[in-house]
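1. no sequence on this one, just coordinates:
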């Protein structure tokens, strides 16, 4: 199984800027050029992208469904000569990728016990780690996979011989690096994640943090948005990353088309995606914060409860260990960093989030005011960001309750460092909103308190330490609470979110 956090000595010795030192794993959704039925060409294209991925420090590269054979070759999947060529192609791929650090997950038809399975094959440094058969085979509309393939449902605990290697076979596999904490992944194939309960749900409950999908989903109008919805929702629900690799142009010349929509999601957020309808090969690469994913699950008791309700899948899944020996140097960072990480970078989402945040506060304040049967809302108004926002929320709460804004008692309380502009802003805001405004100069009381404390400022020394600041902040708070007692109201706290941000 994967190492627990902190167990790897080499990781601790890595440069500070190394992604693996900070709980990241680099993944790629690969969209290679394809040639229907040309196994040698498809293997060459897979190797080319695998080498590119290795050069970019990718830990895990996911290829499309049946990318070695190509998807739309129909009855060729039932021809022994063709299946022999596929098996030989996978053997060559394993041999020629032996020197690569990148773990490859490729798609190929595999024979076993007189049946053919549509599978995902995990390969690490020339070793076939395991073969995962597709569980849900579409047999409707333009699909008729049951003509060629058998379902992998129920084939737990099996092994098989393929491409000259004995290897685990079944849908009950997850793959875990022995030397890189939290590098644990699961494989499912295309239609599997259209099912009400995708196989990757159990894979996640068994411990996989990276869920992968090898797809040859053909493109129809509107389907791209459907894929995005499924990937985002599943990554969010499973507290996981979801890597989706799709076949692109060159797959077929039949009545279907493919767009190569590769994408990488983390907790419901799109991290990277490939261009669509591109005739060339492409890698969509991103660094996944697997440590964050593990910690999210630790904090979410429902995730563990679901594992319990499902009979603890970790008991039945086979965890296939492998030595990854990742690059522990500084290999850059394959992830876009937001300038403002706490707010969305899409204007329409920002508008929606601000609308919700504002109205959540308005509703909470209005309900609390109803429950206390108070006469007034008392608020300190400095002219800064937090008190401005709080005063606007209070004004809207009064509007919603049908109360006059004169219900709000606003107090500006200048101190030693208060400028005329800041104080002017406070008065302009209170006048504009139509609330009751008053001013209390806290400097005399602050001087007296500092003198009583023996603070150097009271002796005329320029000492502006935390005590000096907190005396003023404490007096403002004290005044507000006494005023609320006197006027029959309660204090609206303005918070300090601008300082925290």
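-> That came through fine. What you see is a predicted model, and the numbers here were worked out from it, not measured in a lab.
2. gap between the residue positioned nearest the centre of the chain and residue 200?
-> By C-alpha atoms, centre = their mean, the chain has its centre lying nearest to residue 266, at 2.3 Å. Distance, residue 266 to residue 200, using C-beta to C-beta, to the nearest Å: 15 Å. C-beta: built from backbone N, CA, C; applies to glycine.
3. next SSE downstream of the longest helix that the chain contains?
-> The longest helix of the chain (DSSP state H) is helix 347-372. On the C-terminal side of helix 347-372, the closest following helix or strand by DSSP states H and E is strand 376-380.
4. can you list contacts of that following strand?
-> 365, 369, 387, 390-391, 394, 397-398, 407-413, 476-477, 480, 483-484, 487-492, 494 (C-beta atoms under 8 Å, 6 or more residues apart in numbering).
5. immediately after that strand, which helix or strand?
-> Following strand 376-380 in sequence, per DSSP H and E, is helix 385-401.
6. which neighbouring elements make contact with that next one?
-> helix 347-372, strand 376-380, strand 408-412, helix 420-433, helix 497-500 (3 or more C-beta pairs under 8 Å, 6 or more residues apart in numbering; DSSP states H and E).
7. tell me what angle the third one forms with helix 385-401.
-> Strand 408-412 runs at 170 degrees relative to helix 385-401, counting by axes from the mean of the first three to the mean of the last three C-alpha atoms, to 10 degrees.
8. strands paired with strand 408-412, and their directions?
-> Using DSSP bridges, strand 408-412 pairs in its sheet with strand 376-380 (parallel), strand 436-439 (parallel).
9. in the stretch 201-350 of the chain, which spans are helices?
-> For the stretch 201-350 of the chain, the helices defined by DSSP state H, counting those that start in this stretch cover 223-237, 290-299, 301-309, 347-372.
10. tell me the average confidence for stretch 298-305?
-> The pLDDT scores in stretch 298-305 average 94.
11. now find how far off-centre it is within its chain.
-> With C-alpha atoms, centre = their mean, to the nearest Å as the basis, stretch 298-305 stands 17 Å off its chain's centre.
12. residue contacts, the nearest residue to the residue nearest to the centre of the chain once chain neighbours are set aside?
-> Distance criterion C-beta to C-beta, 6 or more residues apart in numbering; nearest residue to residue 266, sequence neighbours excluded, is residue 241 at 4.8 Å. With contacts defined as C-beta under 8 Å, 6+ apart, residue 241 is in contact with 27, 209-211, 235, 264-267, 271, 288, 290, 293.
13. try 6 Å this time
-> 210, 266, 288 (C-beta atoms under 6 Å, 6 or more residues apart in numbering).
14. what do you get for residue 232?
-> Residue 232 touches 265, 268, counting by C-beta under 6 Å, 6+ apart.
15. one more time with 7 Å
-> 265, 268, 270 (C-beta atoms under 7 Å, 6 or more residues apart in numbering).
16. reformat those residues as a markdown table; add distance to residue 122, neighbour count and pLDDT.
-> Shown next, in a markdown table, are these (distance: C-beta to C-beta, whole Å; neighbours: other C-beta atoms under 10 Å; pLDDT from 0 to 100):
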| residue | distance to residue 122 | neighbour count | pLDDT |
| --- | --- | --- | --- |
| 265 | 20 | 26 | 96 |
| 268 | 25 | 16 | 90 |
| 270 | 25 | 14 | 92 |
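17. could you dump the residues you listed to TSV with distance to residue 196?
-> Below are these laid out as TSV (distance: C-beta to C-beta, whole Å):
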residue	distance to residue 196
265	19
268	19
270	23
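18. in strands only, show me these.
-> 265, 270 (DSSP state E).
19. what residues sit buried inside stretch 243-259?
-> 243-252, 256, 258-259 (16 or more other C-beta atoms under 10 Å).
20. closest one of those to residue 318?
-> Nearest to residue 318 among the buried residues of stretch 243-259: residue 243, at 20.9 Å, using C-beta to C-beta.
21. beta partners for that closest one?
-> Going by DSSP bridges, residue 243 forms beta bridges with residue 212, residue 264.
22. list the contacts for it?
-> 27, 29, 62, 210, 212-213, 264.
23. show me the shaky parts of the protein.
-> Along the chain, segments meeting pLDDT under 70 span 1-12, 252-253, 496-501.
24. can you list the domains in it?
-> 9-322, 347-500 (automatic domain parsing).
25. elements contacting whichever strand or helix holds residue 160?
-> Assigned by DSSP H and E, residue 160 falls within strand 158-162. Using 3 or more C-beta pairs under 7 Å, 6 or more residues apart in numbering; DSSP states H and E as the contact test, the elements touching strand 158-162 are strand 127-133, strand 165-169.
26. between the ones you listed, which one is nearest to residue 432?
-> Closest approach to residue 432 among those (C-beta to C-beta): strand 127-133, 63.8 Å.
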